[in-house]
Each structure stands twice: as C-alpha cells, then as structure tokens.
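**Q** Can you look at this prediction? I've put the sequence above it.
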Amino acid sequence: MCGIIGMFCVDSVNQQIYDNLLLLQHRGQDSAGIATMDNHTFHMHKATGRVREAFRTRDMRKLFGNVGIGHVRYATRGAAAADVEVQPFYVNAPYGITFVHNGNLTNTHQLEQELFKVDRRHTNSSSDTEMLVNVLATEIQAQITGGDLTPDQLFDAVSSLHRRVQGSYAAIALIAGHGLLAFRDPYGIRPLILGRRRSDKGPDEWIVASESLVIENNGYEIIRDINPGEAVYIDFDANMHHRQCAEISKLIPCAFEYVYLARPDSVMNGISVYESRLRMGDRLAKTIAREIPAGDIDVVMPIPDSARPSAMQVAKQLGIEYREGFYKNRYVGRTFIMPGQAERKKSVRQKLNVLAAEFTGKNVLIVDDSIVRGTTSKEIVQMARAAGANKVAFTSAAPPVRYPNVYGINMPTRGELLAYGRSVEEISDILSADHVVYQTVEDLLESIVQNTGIKDLEMSCFDGHYVTGGIDEEYFIWLENNYAS
C-alpha cells in the first residue's frame, strides 16, 4: 500500500503535489518523493520520512514544471528506511521515464531474471517498482519504429506489460517530452481515480490519484475510476487518450482498502469507504449478539480512528452505550504500517492512551478494524484491564487474517499472522480477552459491495483465494525465506 498522484496543470505543479501527498500520508510514512517535468527535463526530490520531513523550501524551489507525480511509501518490499527504495524511480531510455507505483508484483523472481538476461536492463534495488518501470521502458522501446511516440504505441506497450507482470499495480509515469501515463492492473486490486478541472488560463487540467478525497479537495471533477487493465495518457496538449490494454479484465478491488487503508471520506470503485464501514458494524453486531451474552457488555468502545464508524453501528444495533475510552496521539504513525514487530509493540502505548474512568468496573466491548499480528490487540486488552475493566471482549470488523497478503499489504508470512492455524478460542487466550468475535467473510463482502454491481473482492488474506493465480506453497516458502519480518 502506497499513495500515488499525477497532475497535469496549467501553472507550476510542485506545491499542489506536496499538498496532495499530505492528504495521502495515511497510505505511507516511510518515504516521500516528487518528480516534475519541464518539457524534456525532469526535476526530482525524494527522501525517507514523512512528507513534511522529506521536503524543505529549497527542495521545492527546484521542482520546475507543470506536470508531475508524487508518492508516499509504505514498504512491502525492501528496507523501510533505505534511500535506494524511495520513489519515484527513473530510467533514461527510451526518452526518459519517471515512475511511481502502488501495489506488489508476485512474479518478481521471474522478472528479475528476464530483465537481466533478456532485456539487458539493470536494477539497483530489490524494489518491484524499479522492475516495473524497466518492463514498461523495455516494452515502449519495442514499439518505437521511427517518428514520434503515439498513444497507440504506448497502449500496446502497456498491453505487453500486462502479459509479463503478475500481481497488483496502479502506476503513473512521466515520459519526457510527451506526457503522463497512468494504468491499473487487470483486476483493479489497487485504486486509481481520474479527475479533471476546467481552467480559465488554458486547456483542461488533469489529476490521477489513489483516493477521491485528493481530487475533490483540489476542486477537480471526479471523472471516474480508471478501469482494470486500462491505460490513460495525457499528452502535452492536455488531450486525454485511453484504451483497455488487458486481454482479460475484471474488477476485484482489495477489501482491506475499505476495512483499514483508505480514509473514510474517500469513494473508490463507486463505494463509499465510510458507508461500507457503517455496514460492517451493522453486520458485526448481529454476530456479537449471537456469541456474547447481553449482560457481558456495558459499553462499546472503538480503537480510533478507522474502527469508529463500525463501533458506532455496533452500539446502535445492540442498544448499548457508545463511549470513547482510547485517545490517539496523532503524532505517532499508524502501528499497522510500522516496520517490524518490536517497533509496532512499542508504538501502541505511545499511540493510545486510556481514560480510566470509562473502564473502571465495566464490561467493555472493544471494536477494532482488524486483527493481523495481534501485537496491538494484546497491548490494548492489557491496557483496558490495567485501567480497571471488569471484562474485556475484543471484536474485529474484518474476518480472521489467516493467509499472507501478496498484493501490497505488509502481512507477507504465515508465521506472523495471529489467526494462522489457530481457533478463535486459542486467539482469545493469546490476547487474554474474555471473548473474541470476528466478522464473517460473507458479511464483509456484503458490507462493501452492497448496492453495487461488484461481485467479488480481493480477500485472499481472509479466504486464501488469490485472484491473479500463481500463489502456491512454493511461493509461500520463497516469500518466507526472503521477506520475513
């Protein structure tokens, strides 16, 4: 999971991209980068840390041009703090391409061999983004037959990329002297949204971004989500070209975007994140009512912030008082995307503080968005008991995370997942909770896709079904040997 943005504006684009990366900061806190284009010349600055840490005034002044891309990174491959992994990436041929990517490729081992032995291209990091931009560059080079680069040649290159690459990817590229290219994987696992703004100074201005809130915040009109397998190209005259580039495509977006990753004020694939979280609470309440005796709950409390809508609906449906007992330090990053277990555990108590008066002598039902490794959940249960809670029930708006996620969320190995190979009773013992209740897979699906034409979601971490294929025991062993936390 990362946050990406591309903008084609009439005036200088550097400040606008910076401001929009702040809106996407929740999607990645490891590093940030911006590349702008002034005709044939790229200007780039990138660094580890959050957006406000990565950029100074002197850095911004060097980012000339009216076209640009930006990225905030949450590491799923490579070291979280390694400068060599920070996006955007750049290749100098053909033309020169800068590139940002949100997602995770699953055939990187194969691509690494192809790039070196067949394409004669060198990568300088373990980043699958660097592999992806080199595949794109190779395929664009193969399309060039003389004359200027045409939209159809670009789209043919993306088609070839789709045939070579497996996994999830939403990507934006700047091509020197030509324009901005954006494309999405054939299943639309990671989000990418297109917007337009009319300008009094010249041609239309364009934006593509990971979440709709970025587009709306800038006064752009949301045109639509970029379709699975589709590519969109904005040329230097601000003309928008688009084409379906995948031979087979089907929208199967990531369920975890709605559970946790996206901001509640975003709409992706026509689905309101906030409303889907409300529905998660409605359905979770029915499961809680079946599994926990009514007298064992006095108050319902959320873990801020992403679980709050679900917790409100749980309280409403159960007819039990809703209270805020945990308070969040907003200057500590999201614990789920902290690199390493030790860092996550340390951050829980830095991130959350309890109001003891809300716990003393009460039977508390805690609602969180999900339980992944259990590190945060166990600490929270201990904090509730230390604050005087009589009983502590812990509930998750998502089903048990029993399988690795290989599409861009940092839960890559089975051994670190609390629910892997364990029953709910065993999980309850580990967390020291009186009750543990999970959302069902079926209820999560219906909560998100209700009243839409979408039939399926990418829910592999819950149900073990990997929509892109090619994920088997051999792959898991390779994953565990290379990317264990």
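**A** Now that the structure is in, tell me what you want to look at. Residues are numbered from 1 along each chain as shown.
**Q** what's the neighbour count on the closest residue to residue 403 other than its chain neighbours?
**A** Counting by CB to CB, 6 or more residues apart in numbering, residue 403 lies nearest to residue 464, which is 4.5 Å off, once chain neighbours are set aside. Quick note: C-beta positions are derived from backbone N, CA and C, even for glycine. By other CB atoms under 10 Å, 11 other residues sit near residue 464.
**Q** any idea how far residue 478 is from residue 464?
**A** Distance, residue 464 to residue 478, using CB to CB, to the nearest Å: 17 Å.
**Q** Please apply the same query to residue 373.
**A** Taking CB to CB, one finds residue 373 at 21 Å from residue 478.
**Q** And these two? Which one has more around it.
**A** Using other CB under 10 Å as the criterion, residue 373 and residue 478 rank with residue 373 on top: 20 against 12.
**Q** Wait, the more buried one touches residue 415, no?
**A** No. Counting by CB atoms under 8 Å, residue 373 does not reach residue 415; the two are 10.0 Å apart.
**Q** buried sites along the helix or strand residue 446 falls within?
**A** Using DSSP states H and E, residue 446 maps to helix 441-449. For helix 441-449, burial by neighbour count (16 or more other CB atoms under 10 Å) applies to 441, 443-445, 447-449.
**Q** how far does that helix sit from the chain's center?
**A** 19 Å (CA atoms, centre = their mean, to the nearest Å).
**Q** Show me what it is packed against.
**A** Applying 3 or more CB pairs under 8 Å, 6 or more residues apart in numbering; DSSP states H and E, we find helix 441-449 packed against helix 255-256, helix 273-291, helix 460-463.
**Q** a markdown table please, covering those helices and showing mean neighbour count.
**A** Formatted as a markdown table, the helices and strands packed on helix 441-449 follow (neighbours: other CB atoms under 10 Å):
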| stretch | mean neighbour count |
| --- | --- |
| helix 255-256 | 26 |
| helix 273-291 | 20 |
| helix 460-463 | 23 |
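**Q** Residue 193: which of those helices is closest?
**A** helix 273-291 (12.6 Å; CB to CB).
**Q** And that closest one, what does it pack against?
**A** By 3+ CB pairs under 8 Å, 6+ apart, helix 273-291 packs against helix 308-318, strand 363-368, strand 391-396, strand 435-438, helix 441-449.
**Q** closest one to residue 267 among the ones you listed?
**A** helix 441-449 (12.3 Å).
**Q** For residue 444, see how far away residue 192 is.
**A** 23 Å.
**Q** meant to ask about residue 320, not that
**A** 22 Å.
**Q** what about the closest residue to residue 266 other than its chain neighbours, how many neighbours?
**A** Sequence neighbours aside, residue 211 is the residue nearest to residue 266 in space, at 4.1 Å (criterion: CB to CB, 6+ apart). Neighbours of residue 211 under the rule other CB under 10 Å: 28.
**Q** again, but for the one 4 residues further on
**A** Counted with other CB under 10 Å, the neighbours of residue 215 add up to 25.
**Q** Could you say which helix or strand holds the nearest residue to it once chain neighbours are set aside?
**A** Sequence neighbours aside, residue 195 is the residue nearest to residue 215 in space, at 3.7 Å (criterion: CB to CB, 6+ apart). If you go by DSSP H and E, residue 195 is part of strand 193-197.
**Q** Tell me the secondary structure of residue 22, please.
**A** Assigned state for residue 22: helix (three-state reduction, DSSP: H, G, I helix; E, B strand; the rest coil).
**Q** ranges for the helices of the stretch 1-150 of the chain?
**A** 14-23, 51-54, 57-61, 108-117, 128-143 (DSSP state H, counting those that start in this stretch).
**Q** With the stretch 151-300 of the chain instead?
**A** Under DSSP H, counting those that start in this stretch, the stretch 151-300 of the chain gives helices at 151-164, 212-217, 255-256, 273-291.
**Q** In JSON lines: those, plus mean pLDDT.
**A** Formatted as JSON lines, those follow (pLDDT from 0 to 100):
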{"stretch": "helix 151-164", "mean pLDDT": "98"}
{"stretch": "helix 212-217", "mean pLDDT": "95"}
{"stretch": "helix 255-256", "mean pLDDT": "96"}
{"stretch": "helix 273-291", "mean pLDDT": "98"}
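**Q** can you redo these as JSON lines with distance to residue 403?
**A** Listed next are these as JSON lines, based on distance: least, CB to CB, whole Å:
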{"stretch": "helix 151-164", "distance to residue 403": "25"}
{"stretch": "helix 212-217", "distance to residue 403": "29"}
{"stretch": "helix 255-256", "distance to residue 403": "12"}
{"stretch": "helix 273-291", "distance to residue 403": "20"}
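**Q** wait, which of these is closest to residue 264?
**A** Across the helices of the stretch 151-300 of the chain, closest to residue 264 is helix 273-291 (CB to CB), at 4.0 Å.
**Q** hey, C-alpha coordinates of that closest one in CSV?
**A** Only the C-alpha atoms of helix 273-291 are listed here, as CSV (Å, rounded to 0.1, in the frame of the first residue of the first chain):
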residue,chain,number,x,y,z
VAL,A,273,-15.4,3.9,2.5
TYR,A,274,-17.4,5.4,5.4
GLU,A,275,-20.7,3.8,4.5
SER,A,276,-19.1,0.4,4.0
ARG,A,277,-17.6,0.7,7.5
LEU,A,278,-21.0,1.5,8.9
ARG,A,279,-22.4,-1.6,7.3
MET,A,280,-19.6,-3.6,8.7
GLY,A,281,-20.7,-2.5,12.1
ASP,A,282,-24.3,-3.4,11.4
ARG,A,283,-23.4,-7.0,10.4
LEU,A,284,-20.8,-7.4,13.1
ALA,A,285,-23.4,-6.5,15.7
LYS,A,286,-25.6,-9.5,14.7
THR,A,287,-22.6,-11.9,15.2
ILE,A,288,-21.8,-10.3,18.6
ALA,A,289,-25.4,-10.7,19.7
ARG,A,290,-25.2,-14.5,18.9
GLU,A,291,-21.8,-15.1,20.6
